[in-house]
Structure formats: C-alpha cells, structure tokens
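# Need the 3D shape of this:
(2 chains)
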Amino acid sequence: MDWEPVIGLEIHTQLATKSKIFSGASTAYGAPPNTQACAVDLGLPGVLPVLNAAAVDMAIKFGLAIEARIAPVSVFARKNYFYPDLPKGYQISQYELPIVEHGRVVIELEDGEEKVIGVTRAHLEEDAGKSLHEDFHGMTGIDLNRAGTPLLEIVSEPDLRSAREAVAYMKKIHSLVRYLEISDGNMQEGSFRCDANVSVRPRGSKEFGTRTEIKNVNSFRFIERAINYEIERQIEILEAGGQVVQETRLYDAARNETRSMRSKEEAMDYRYFPDPDLLPLEVTAEHIERVRATLPELPDAKRHRFMEEYGLSAYDAGVLTASRELADYYEEVARLCGEAKLAANWVMGELSGFLNKENRDIADSPVSAAMLAGMLKRILDETISGKIAKEVFEAMWNGEGDADTVIEKRGLKQITDTGAIEAIIDEVISANPRQVEQYRAGKEKLIGFFVGQVMKATGGKANPAQVNALLKKKLAG
Amino acid sequence: MHRLTIAEVAGALRRREFSSEELTRALLARIRELDPELNAVITATEEEAMAQAAEADRRLASGEGGPLTGVPILHKDIFCTRGVRTSCGSRMLDNFIAPYDATVVEKLAAAGAVMLGKTNMDEFAMGSSNETSFYGPVKNPWDTDRVPGGSSGGSAAAVAARLAPAATGTDTGGSIRQPAALTGITGLKPTYGRVSRWGMIAFASSLDQGGPMTRTAEDAAIMLGAMAGFDPRDSTSIDRPVPDYTAALDQPLDGLRIGLPREYFGDGLDNDVAACIEGALEVYKRMGARVSEISLPNTHLAVPAYYVVAPAECSSNLSRYDGVRFGYRCQDPRDLEDLYKRSRGEGFGAEVKRRIMIGTYALSAGYYDAYYLKAQKIRRLIRDDFMRAFEEVDVIMGPTSPTVAFRLGEKTDDPVSMYLSDIYTIAVNLAGLPGMSIPAGFAHGLPVGLQIIGNLFDEARLLNVAHKFQQETDWHQQVPGGFE
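Below you'll find the model as predicted:
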C-alpha cells in the first residue's frame, strides 16, 4: 500500500529577553547552577509572578511575521504536575487562549514549488529547570537557572507530509525567529527544540492515523531521522496488520531509533486552570501597531527583493536570505563593490566554503564585507584576475590584511605592460620550437599550452585575454 | 498602656508620656505572661522588636514619624518576615525562615510600626476555628474553652486580650471578620487588590486579601492607610490612589442607606445574635440611616462555590511544598515518589489534605466544567447580586457569623458545619468586596459581630459607618475577664 505521512511540529523557542518571563533574574546561559534563580524562580512561599513585557512584544512580533491573529485577550494557565525541577509544582503556560493564533508560513519544496503550512497557535510559557543525574552518586541535582526562562511554543497544523518538509518548516521558523531577533536559535543550548507528531494513512484517505509524539529533538538532522524512523516503524506495524499505539516516544540519536516513553493511559492530567496570580493579558490595537513598526524585512520579502533588485536566481536569493546576517553581509558587499552578481558568487562560493570548512558563523568571518568588496573591486578594475583573487581571499582570511595590502605585499598585481608580456612571450616561443612548429602547421589548440606557459612564467599575474591576443599575433608572425 | 488604641498610643508617644521601648517591653512581658493561656503567638521577636522600638523613639525624638511610628503590632504568621520563621501554622514550614519581607510587613515597618511577633493561625489559613494549626489551637480570651474563630485566630485573640493594639490578618472566606466577631474586635477585609499579596503565603489567590485587626475603626483606618497601595510585584494589586482613611471617619450618617439581605436572617442564625444585630440597626436608625430589606438571591450558592474555587486554587498553590527545596522533608526517602508522598503526607495536616484532595478532584479532566467552571459562573452571579444591591443601598449589614464562638472540638469532626460558620462572609470574598466586622453586643455572654459590606474600594465609607457606631456604643471597649 502507498502510505502518506502526516506530521505536525511543536517548536519551543527560547525568547531572547534579558530577564525571565515572570521574574527579574537573568536568563544568561552557562552560569554556575542556581546562581540565576531568585525567590520567584525557586517558588518560595508568598512570591508572585509579574509578566515580562519584552516577552509579550516578541510573541506579537512573531505573530505579525506569520500573518497570525494577535489575541486582544489571552490567558495564562497553570499546568500542574510534580517534578523536582518544576519549583512551583506547576508550569505557567497559555492554554485555552494563546496570544497568537492562525498563522502561516511558506516553505519551498525541493521541486521549487511553494507550500503553505498553517500555524495553529503560538503561546508564551515558562521553562522548567534542569535535573542533573550525572555527578551525584545515587542522587539527582537540581539546577533552577533555566526555570522561568521565556519560551514561545509554536504549534503547526498537521500539514507536513514528509520528514523533508518538516525540516524545511523547522528551518523556516528557525530563520524567522532569528530574523526577528526574538531568539538566538541556539540548538546546542536548547534555545530551539522540537516535538514531532507523526502518523501515517493510506494515500488518499481523509482520516488521520493514530499518532505518536516524538519529544525534544534539538537538531535538523535528528528530526529528519527521527521522523523517517517513526514513519517506517508505523508502516511496518500497519502492514503487519497491527495497530499504532498513541504514545510519547523519545528519539535516541546514538541508535537512530525512537523508544516508547509513556502511553496515552499513563498520560498525566495537568488540571489546567487560569492562573489567579496573573490578570488576562490584554493587547490593544495600538500596541500591535507599535510592535509592527519594529518588524524587520522578513525572509520571503527579502528573497523577492534580491531577485528583483540584484537579478539573482530564486535559488541564489534563497541561499543568501537564509539568515539575516548573511543577507546583510551580502548586501553590504554588493553595495560597496557595485556588482551584485559577482558579490553573490563570492559570498556563496569562496566565503561560504571557508565558513563551512571551519564551521564558523558569518558574524565571526575574518573577512569582513568591506574587505571582500575591496577585493572584488580589484577584480573589476583588472588589478587582479579571478584566479589570483582566490589567493588574495585566502590571505585575507588568514589575517594578512585587506586586499590591497595582500596584493602589494605578495606582488600579485596583474601585469598589463605589453612590452613586458611580449618579452616573456618571446622567451616562451624560443624555448618551445617544436610546439611552435606544430602550431603553425595548424594545431591551433596548442594556444592553450602557450598561454599556460606565459601565465606560469608571470606567476599568474598577466591578463589571460591579453596574453592570448599577443601570442596569436606573435605566433602568426 | 496595653489598653490604649493605636490613636491613643500615637498621642502618648508624641507627648512623651512613655517611650516606644517602654511600651514594647511591657507588651512583650504581657505576651510572655498571658499568651501561654491563649497560644495566640507562635514566635515573639523580642530582640527585633526592641531594636525597632529604639529606632522609633529616635525618630519621634527628632519630631519625625507618623501615627504608626513606635506602635507595636503583631503579624499573622502567613506574612513572610525576613530572617524570622514564617510557618503559616504548618509543620511544612516549621523550619522556614523567609529570606524577604512581605509588602505588608515592609510597609508597616516603613511606617514605623514595631513587630512584636507572629501570630498563630489555622494551617495555611484553612479553618474557621484556629484548631488546624500545627502549633495547637488558640483559645478565645472571652472563654478559653472556646475557639477564637479562624483562620486569623491568633491575631484576633491577641488584640482582644490586649497583647497588642493591632495585628495583621488575612481573609479568604471570612478569616479576618469571623474571628474579629468571635473575639469582639474590629476587622476589615479590603477590596481584592487593595493590599498587596506579595509575601503573603497563598491559600486561594483569587480570594486572599490582607487587612487590619484592631480594636477600633479609627485604628483600622490608620493601619489600612499604611498597608494599602499598588505593588508592582503583585499583578493583581490595583493601581489606584490610597485615600486618607481617617479623613472621613466623622462624616454624619444622615441619609445613609443600609440594606439588610433577607438571606442573612434565615435558618441557622442564632436568635440572640439576631437580636444584637437588630439592636445595632436601631443605633444606626437613630443616627439618621434608612434601613431597607434587600435580596441577594444567590447567597445559598456561595458556600458550595467557595468550596470548589478555594480548594482548587489551594491544590495548585500548595504543590510547591514538595520537600525538594525548602520546608519539611521526610526522613530517608527511598526515591522521588516516597519523598513526595511522605514529605507532604507528614508535613500537612488533615484539613489541608482534605482541601487539596477536593481541589485536585474539582480540576480533574472530566470534572473541570462541572465544578470549577460552574463555580466561576456562580461567582459572577453573586457579584451581580451585590452590584444590583449597591444601586439601591450604600452599605449592606448583617451578622458576621451565625453563632457566637463555639467550643473547642465542637465542630472538628464535622467539616460542613464548620464551613457553614462562614456562610455570611464567603460571598464577600467571591465578589471581591470590602467587608468589616465590628463588635455589636453580646449573646450568651460572648461577643457578636456586625458585618458591614461595601461597594468596591468603598473602605473609607465602611470605616466611617463603623466609627460612628463606635462613637455611640462601647461594645468595642469591653475587655475579656482576666485580660484587663
């Protein structure tokens, strides 16, 4: 049978506020355990939560970016359960009335088609602390630094039909939250993590199959593998005449498999109810407009603009707008050197290659946009050839200074003096009498050999087109 | 000295008739001497009190300070006090030393009040008799075989016995007004949001409200002036200026419209208590007030709705007491579940556990709509009843409690009968309104409280209405035998 996967994602993204969602404690990552947990985060008797206004604005920003409805009134509820790293015995989250509802994002499929993925809701909530099971023999350590960190949980419709689509969607959201500067999106530190709801059904069927939920995956590669594993597992069960059990599963990256964590029967009753310590959150139309005015150009708009303004292909524009930092870098290079296409080739080629090789972010690139543009100008004014430029680029990358310094220091300036080139050509001709004879006998392909010899003799600094023309004249004579 | 009110103490301190240190020392001695009989005080903070008194005397000497400077008071042990045990009447917090002050504590300290100690209370404020305290029951100074009411029973008994001129209390379903009535003192529960809840250990967050317990309405006005106000640390506190509550105390009551809810004078009301209330109404009529009967038709739903909402909130509020970070932890837990079960099983008393169970049930999947949601709808109806009534009358009056103080142990085995002792006070919390109880006579030799209910933020009028009554009567000046 032909099976169709149905996937929905719940993405938890940590909001980049300075302080926690309901207290004044810092959210900075990596501090010694329990040094960034105040009385509110510890859930001491008598403390009360006060909502962080910056977190609200970030949620609104996200909602506007996905063309969602921003609820004029949303409500914080308590999700009650016992766990040692949940200090109050409940998590404050939005349940029935979230701040963001009914949004959409567009993903690009491999065939170049676009697909709209619905976003059911996005809501504000607080993170829990961490339980540390290593380091304490027979005991568990509790670190509450993370407790109360603001999260935006973004829930998609079950609109995704493959692991690839799920990854494309996840990447899109990742890029969006970074564009909006509402999250650093750091997946290693857990600032961006994902639960996947997966089911399969016979293609053409309108009904959904029984779903399982894969918890807490924090990389694009793992989410793709986990979903694919889960799809295969469910198909195998169904084809063997079995039934998929509704349950929560954990993905084990080391073994590349998902394992049952708890079944529906074991599912907890969270006893949600509106948190009486917090008033309903009211957002006025003026407030929404104030936030809208702070929205940056969004990835899709930027991509279309790059195609129009710089004459780039859809693919190139997509690559260059994948992150706001890369897009800004590219635009700076294009503006400074004045040749958008050349700038695109170098940013996507040499620069991206070096960044990937060293696993660096564009922000840490040793070659700044101004430096790259400076070098491209030297190509455009024919001071160096494209080939020599690669050497210049590498030298700049290794800290030898800007393009002009490298060209000067290494003597890479292109030789354009006809006399000097002619002298070298004469040497090459006299050193290769046999090839000259063959050329003159009609083997004109040998021109490449002579150009190569001349370029070699000039250390690549001659202009190949000029060499070519001069050679043809001499050899003809 | 111990028989003076706040207003009288303030005058005497200013005239240097005695110092705050002398007064504080005298009251601490009185607590040491008389409290063993009452059990009203859990922790006396003698050193801190003397230091605060000395500081107050310095300020008074330099002509600074206000009406509370140097005035000794007690705090209900539900308010967090930095560096001092804050037990909430529970074994669970017997070892808890709060690292910060509640806003109420902070504000009263800033106003110069001297903290003598922390008063006994029903465990986590759950009770109407002060018998659920881990520290044992409080006795009513009018008859030590009887309860002082609850949950602010320690504060009430201490003020009645003249151990302090005033104490703080909290009121979730009547916990200031009912013990005030049963001990013959003046208690005010302000409008929800008027007094900050920061640092006030939560029982039922949407109902809890701190307020003063004093001997006179004038003192309540002075205390409330210091306690009230917006607090950015409490999202439910209301940003609204605090009036001078003492300014309007003497306004004439001519033309005051008093409403008597027919539902507050039915079955279950003790005849002698009813007679006291009628006597009080005669006093008001003499002062020019017009009394009319009104109806609050949903009154009968108040107790059932309250016993869904309050336990539901408490079941969640008390989840933090898990033995992990602070408070009571059982000996040698085997594993996490054992730690939870035994810490909570051993740390909480029976009434707290009963309410956690009721609340957990009411919030459970499949029951939420039938209980919690319905209770919230009833709350709306009860509030609407009051709002309609306040279109016709200025204040509502009736008995605070259907009976006088009952005997220790009399209702401990019958929670429903205990819950019904708050039948007239609970609706006020559900509606978020301010309410007072003032002494209105004696029945069976025990004090009777008159309840005065006002519209939202109408505390100044309540205090005015109460003060004028106290100018005409001397019920509030009666001192229990043995505590003169």
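# and the residue of the stretch 351-477 of chain A found nearest chain B, what does it touch?
Residue of the stretch 351-477 of chain A nearest chain B, by CB to the nearest CB: A:Ala363 (36.9 Å). (C-beta placed from N, C-alpha, C; glycine too.) Residues near A:Ala363 by CB atoms under 8 Å, 6 or more residues apart in numbering or on different chains: A:Glu325.
# and it, that one's in a helix?
Yes. Applying DSSP: H, G, I helix; E, B strand; the rest coil, one finds A:Ala363 inside a helix.
# what separates it from A:Tyr329, distance-wise?
9 Å (CB to CB, to the nearest Å).
# now the end-to-end length of stretch A:349-366.
16 Å (CA to CA, to the nearest Å).
# do stretch B:279-299 as well
Where stretch B:279-299 begins and where it ends lie 24 Å apart, using CA to CA.
# Also stretch B:108-119?
Per CA to CA, the first residue of stretch B:108-119 is 16 Å away from its last.
# quick one: average confidence on stretch B:452-460?
Across stretch B:452-460, the average pLDDT comes to 98.
# So which bits of it are buried?
Using 16 or more other CB atoms under 10 Å in any protein chain shown as the test for burial, stretch B:452-460 gives B:Ile452, B:Ile453, B:Gly454, B:Asn455, B:Leu456, B:Phe457, B:Asp458, B:Glu459, B:Ala460.
# anything in it sitting right up against chain A?
No. Stretch B:452-460 lies apart from chain A when judged by CB under 8 Å from any CB of the partner chain; the minimum separation is 15.6 Å.
# ok, residues contacting that stretch?
B:188, B:190-191, B:194, B:221, B:224, B:228, B:240, B:243, B:245, B:247-248, B:386, B:390, B:394-398, B:428, B:432-438, B:461-462, B:465-466.
# For A:Gly117, which non-adjacent residue is spatially closest?
Wrong residue type there; residue A:117 is Ile, not Gly. Of all residues beyond its chain neighbours, the one nearest A:Ile117 is A:Asp159 (4.7 Å), with distances taken as CB to CB, 6 or more residues apart in numbering or on different chains.
# Neighbours of that neighbour, how many?
20 (other CB atoms under 10 Å in any protein chain shown).
# which residues touch it?
By CB under 8 Å, 6+ apart, the neighbours of A:Asp159 are A:Gly8, A:Lys115, A:Val116, A:Ile117, A:Gly118.
# what sits up against the helix ranked longest in chain A?
Across chain A, the longest stretch assigned as helix under DSSP state H is helix A:220-239. Applying CB under 8 Å, 6+ apart, the contact partners of helix A:220-239 are A:1, A:3, A:5, A:7, A:9, A:163-164, A:166-167, A:170-171, A:194, A:196, A:198-200, A:209, A:212, A:214, A:217, A:243-244, A:249, A:251, A:253, A:256-258.
# Just the buried ones among these, please.
A:3, A:5, A:7, A:9, A:163, A:166-167, A:170, A:194, A:196, A:198-200, A:209, A:212, A:214, A:217, A:244, A:249, A:251, A:258.
# So which of the residues you listed are in helices?
Reading helices off the buried ones among the contacts of helix A:220-239 with DSSP H, I get A:Ala163, A:Ala166, A:Val167, A:Met170.
# re earlier: so of the buried ones among the contacts of helix A:220-239, which ones are in strands?
Applying DSSP state E to the buried ones among the contacts of helix A:220-239, the entries found in strands are A:3, A:5, A:7, A:9, A:194, A:196, A:198-200, A:212, A:214, A:217, A:249, A:251, A:258.
# Which single one of those is nearest to A:Gly46?
A:Cys194 (36.6 Å; CB to CB).
# Enumerate every residue touching the residue nearest the centre of chain B.
In chain B, the residue lying closest to the centroid (CA atoms, centre = their mean) is B:Ile176, at 2.2 Å. Residues near B:Ile176 by CB under 8 Å, 6+ apart: B:Ser152, B:Gly169, B:Thr170, B:Gly187, B:Leu188, B:Lys189, B:Gly211, B:Met213, B:Ser437.
# okay if I get those residues as CSV plus pLDDT and neighbour count?
As requested, the contacts of B:Ile176 are exported to CSV (pLDDT from 0 to 100; neighbours: other CB atoms under 10 Å in any protein chain shown):
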residue, pLDDT, neighbour count
B:Ser152, 98, 38
B:Gly169, 98, 33
B:Thr170, 98, 28
B:Gly187, 98, 33
B:Leu188, 98, 34
B:Lys189, 98, 35
B:Gly211, 98, 31
B:Met213, 98, 35
B:Ser437, 98, 36
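# May I ask which two of the residues you listed are separated the most?
It's B:Thr170 and B:Ser437 that sit farthest apart of those, by CB to CB, at 14.3 Å.
# low pLDDT regions in the stretch 151-300 of chain A?
A:265 (pLDDT under 70).
# Can you tell me which residues in it are near chain B?
A:Asp269, A:Arg271, A:Tyr272, A:Phe273, A:Pro276, A:Asp277, A:Leu278, A:Leu279.
# Run a quick neighbour tally on the first one.
Spelled out, it's A:Asp269. Applying other CB under 10 Å, I find that A:Asp269 has 14 neighbouring residues.
# Does it touch B:Ser364 like I think?
Yes. Under the criterion of CB atoms under 8 Å, A:Asp269 makes contact with B:Ser364 at 5.6 Å.
# Now chain A against chain B: closest residue?
Counting by CB to the nearest CB, chain A gets nearest chain B through A:Gly89, at 2.4 Å.
# That residue: what's it in contact with?
A:Gly43, A:Asn80, A:Tyr81, A:Phe82, B:Ser316, B:Leu318, B:Ser319, B:Arg320, B:Asp322 are the contacts of A:Gly89 under CB under 8 Å, 6+ apart.
# Same question for B:Ala431.
B:Arg379, B:Ile382, B:Arg383, B:Asp385, B:Phe386.
# just B:Phe230 next, same as before
Counting by CB under 8 Å, 6+ apart, the residues that B:Phe230 touches are B:Ser196, B:Ser237, B:Ile238, B:Asp239, B:Arg240.
# Generate a markdown table for these, with secondary structure, neighbour count and distance to A:Ala369 as supplementary columns.
As requested, the contacts of B:Phe230 are exported to a markdown table (DSSP: H, G, I helix; E, B strand; the rest coil; neighbours: other CB atoms under 10 Å in any protein chain shown; distance: CB to CB, whole Å):
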| residue | secondary structure | neighbour count | distance to A:Ala369 |
| --- | --- | --- | --- |
| B:Ser196 | coil | 26 | 53 |
| B:Ser237 | coil | 21 | 51 |
| B:Ile238 | coil | 17 | 53 |
| B:Asp239 | coil | 9 | 49 |
| B:Arg240 | coil | 13 | 54 |
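# Please see if stretch B:202-209 touches chain A.
Yes. Applying CB under 8 Å from any CB, one finds stretch B:202-209 touching chain A at B:Ala202, B:Ala204, B:Ser205, B:Ser206.
# tell me the two of these that are most distant?
Applying CB to CB across the residues of stretch B:202-209 next to chain A, the maximum distance is between B:Ala202 and B:Ser206, 9.9 Å.
# ok, those two, which is more surrounded?
Neighbours were counted for B:Ala202 and for B:Ser206 using other CB under 10 Å; B:Ala202 has more, 27 against 21.
# you'd agree that one is in a strand?
No. Assigned with three-state DSSP, B:Ala202 falls outside any strand and is coil.
# My read is that it contacts B:Asn317, right?
Yes. Using CB under 8 Å, B:Ala202 is in contact with B:Asn317, at 4.4 Å.
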